[in-house]
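Student: Next one to model:
(chains A and B)
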Protein chains: 2
Amino acid sequence: MDDDTDCNLKLLLIICDGLGDRPVSELGGKTPLQYADCENFDWFAKNGICGIMDTIAPGVPPGSDTAHLALLGHDPYEVYSGRGPFEAFGIGMDVKAGDVVMRGNFATVDDDMTIIDRRAGRIKEGTKEIAESLNWIEIKGVEIFFKEGTEHRAALVLRGEGLSPEIDNTDPHRSGCCPLKAKPLSPAAEKTAAIVEEFSRKSYEILKDHPQNKRRESSGKLPANYILLRGAGVAPHLTSLEEKFGVKSAAVVGVMLVKGVCKALGMEAIEVQGATGGVDTDMMAKAKAAISALKNNDFVLLHVKACDIYGHDGDALKKVETIGRLDDMLGLLRDNISNTCVALTADHATPVSVRNHSGDPVPLAIVGQGIRIDSVSSYDEISTAQGGLGRIRGKDLLPIMLDIANKSEMYGA
Amino acid sequence: MDDDTDCNLKLLLIICDGLGDRPVSELGGKTPLQYADCENFDWFAKNGICGIMDTIAPGVPPGSDTAHLALLGHDPYEVYSGRGPFEAFGIGMDVKAGDVVMRGNFATVDDDMTIIDRRAGRIKEGTKEIAESLNWIEIKGVEIFFKEGTEHRAALVLRGEGLSPEIDNTDPHRSGCCPLKAKPLSPAAEKTAAIVEEFSRKSYEILKDHPQNKRRESSGKLPANYILLRGAGVAPHLTSLEEKFGVKSAAVVGVMLVKGVCKALGMEAIEVQGATGGVDTDMMAKAKAAISALKNNDFVLLHVKACDIYGHDGDALKKVETIGRLDDMLGLLRDNISNTCVALTADHATPVSVRNHSGDPVPLAIVGQGIRIDSVSSYDEISTAQGGLGRIRGKDLLPIMLDIANKSEMYGA
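Tutor: Next up is the predicted model:
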């Protein structure tokens, strides 16, 4: 990295999903970051200012959506109301504030309306055509938008006056029974529940004879003849990063829910060949895409999922190995980025001993021109706590980065 | 302590009241904690993660009530409205949200209604019978509850519609004058002031001829024939620890006001023989009670008062000596607790140079399985500031402990 020039410093935020951890007895009481040989992670610590960060608040395990809302400068306690709207953003729907959004599954029911398979035989193809046919459904007083996600996943957007997200799931989360009625959880949601009920009925009428399903059945596959709905949420009013911070921004991210948060905040989502959102993701391709995106953007988010998955699996050695791969990716970034303020952190800890997100603070290092370099020389959960940043909140990170890049605005006179 | 097992980690919060201090010239510029020889305090620092904590907020000297509200996961700025309700909880009254509560003194007035003694000759016996007689008082539009505390102390609870805590004290805080009229401090409090005035009059009518007072007078003691009232507050709506955090909890605490906070949050208050809430308290008995309480509870608070008293007295050497006694208590706890996350801290500093609570942050160490042990090796105000926790707020401590014990809930998806 070359930090000799100071005009128009760019910003790169690298999120290693689930990177943080706790001491692991299998690793001799070290955390995976302490155990791994990670020269480039440590380079960021040595050449930057370090700290620890509560993405949401001390002791609060963040979700992927709330964590990224915070890391993108928004207070999740103010703007978050459920994952549905962000899933819909993630799959490319044009969600507006106030829309009620539900996640959907393409499912299979038999003639008695008994659920045979909640995922329609793990359907992969033809969902675009099936989803499109449901956009023709007309229900009085509401606009209907339906779109497929990956595989059996989809989202339903309801737009209109007097809608409420206070409705129960129609998805019973098991097969062998009927889909549930859309039950209102408050009197204000009776209209919405009736709409969802009507959508369920009308969509079944369309899907049971859909050409794609006829084709599936003739080749021995389960038809996608019912839409199971769950997780109703209302889309919040969000201020885009451009509006809030005056930056043009892009995101390199494979995970649909995180992509949805980025899109909801007006970031360009950059598609990368080989970026799967899984352990097999092509990290180098993602890093190259981030480098490229920095040319046309002020701020780029680079999100890599793999560590989180091994945290959930409780696999310490695989997590260590993944940190090694991330370290290689960081080497590529170091060699190919100049004139950029880079923050290296995680959205949350996924300790292998917990096998889930925890509320432990995550390590953080920020490098870039003008940084107050501290004495921390190792990038891990314990060393970075000694750093010059102290302990900060996730929602403060982007303002700090913007200020380092002289893109902040004075408050007061 | 043995941390080999991980299922259902218990929580123990040890509060050494007023432990924090400032450098004392008499101690060669050391704080009492730095000066004292305290092997067990240091063991917590060496084997845990350390930090400093602003119980309420930086620079704000906490009261005993507000400090414990914060340490029990509540924002005192949101829920606190005066000590009265917590005193009443402490002496075992069943206070409900919205009740107006005043602290009372059993006092002595002469026939001209001049206060002879604000504490009725430091009355100790017979207050239960005297208090009971006042529960028969009937005042239109309000329910009256009156109960004795320790010695001359008591509490009055008013329950009904349209009550306000905006009334001045009837206690002039000196003798040789008449009790004050219950003055409304806002127009909304006129009804309440009239009720308090009526209570004062009717209670005097009952007390002046009360058999207990006749007996006192015949044995040369001052009668408790008047109730001086002060510190009106409205009982806040509080969420119990069980409801808010899903933990069954108990408190080992002698100080009535702190006990009241614990009871108000639904904690079981455990009575301990020899626990006086004073410098002579039996710390070992309290520690044993806490160890025992951990068997049937998820979370136990152990509060020991003595250090605070010597802080108020400005007695550095006695404070050092008390730290030594606390250190022995910690040794007992170390040897007899397993599978528990233990936080060792104070509710506030009571520097001997200040002789009162100060807003200095307090030291904190947390030990337990999965802890990110840092390099701090001495438990004192300055060393712990170098620790892996950084600087936290009191209200974040319990969420952090719950997260370490994997009892936290994810926010988001």
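Student: Near chain B, which residues of chain A are found?
Tutor: Residues of chain A lying near chain B by Cβ under 8 Å from any Cβ of the partner chain: A:22-23, A:31, A:52, A:56-67, A:76, A:80, A:82-83, A:257, A:351, A:353-354, A:356-360, A:381-382, A:385-386, A:390-391. Backbone N, C-alpha and C define where each C-beta goes, glycine included.
Student: redo that, cut-off 6 Å
Tutor: Proximity of chain A to chain B (Cβ under 6 Å from any Cβ of the partner chain) is limited to residues A:22, A:56, A:58-63, A:65-66, A:83, A:353-354, A:357-359, A:381-382, A:385, A:390-391.
Student: Mind checking which of those residues are buried?
Tutor: By neighbour count, with 16 or more other Cβ atoms under 10 Å in any protein chain shown, those hold A:22, A:56, A:58-63, A:65-66, A:83, A:353-354, A:357-359, A:381-382, A:385, A:391 as buried.
Student: And the residue of chain A that's closest to chain B?
Tutor: Residue nearest to chain B within chain A: A:Gly63 (2.3 Å; Cβ to the nearest Cβ).
Student: If you tally nearby residues, what's the number for the nearest residue to that residue once chain neighbours are set aside?
Tutor: Leaving aside its sequence neighbours, A:Gly63 sits nearest to B:Gly412 (Cβ to Cβ, 6 or more residues apart in numbering or on different chains; 2.3 Å). Number of residues near B:Gly412 (other Cβ atoms under 10 Å in any protein chain shown) recorded here: 26.
Student: show me what contacts B:Gly412?
Tutor: Contacts for B:Gly412 were tallied using Cβ atoms under 6 Å, 6 or more residues apart in numbering or on different chains; they are A:Pro62, A:Gly63, A:Asp65, A:Thr66.
Student: For the residue positioned nearest the centre of chain A, which three-state class applies?
Tutor: Central residue of chain A (Cα atoms, centre = their mean): A:Val258, 1.5 Å from the mean position. Following DSSP: H, G, I helix; E, B strand; the rest coil, we place A:Val258 in the helix state.
Student: Now do the strands in the stretch 251-400 of chain A.
Tutor: Counting by DSSP state E, counting those that start in this stretch, the stretch 251-400 of chain A has these strands, from start to end: A:268-269, A:299-304, A:340-345, A:362-367, A:390-393.
Student: Please state the mean pLDDT value computed over the third one.
Tutor: Looking back up the chat, that one is strand A:340-345. Averaging pLDDT along strand A:340-345 gives 98.
Student: With the first one instead?
Tutor: Looking at strand A:268-269 alone, the average pLDDT works out to 98.
Student: Can you list the strands that it pairs with?
Tutor: strand A:249-252 (parallel) (DSSP bridges).
Student: got a list of contacts for the partner strand?
Tutor: By Cβ under 6 Å, 6+ apart, strand A:249-252 touches A:241, A:262, A:267-270, A:286, A:289-290, A:293, A:297, A:299-302.
Student: Spell out for me the PyMOL command that would select the buried members of those.
Tutor: In PyMOL, a selection of the buried entries from these looks like this (16+ other Cβ under 10 Å):
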select buried, chain A and resi 241+262+267+269+270+286+289+290+293+297+299+300+301+302
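Student: biggest separation within the contacts of strand A:249-252, which pair?
Tutor: A:Leu241 and A:Lys286 (19.8 Å; Cβ to Cβ).
Student: Show me what counts as buried in stretch A:261-277.
Tutor: Within stretch A:261-277, the residues that count as buried by 16+ other Cβ under 10 Å are A:Val261, A:Cys262, A:Lys263, A:Ala264, A:Leu265, A:Gly266, A:Met267, A:Ala269, A:Ile270, A:Val272, A:Ala275, A:Gly277.
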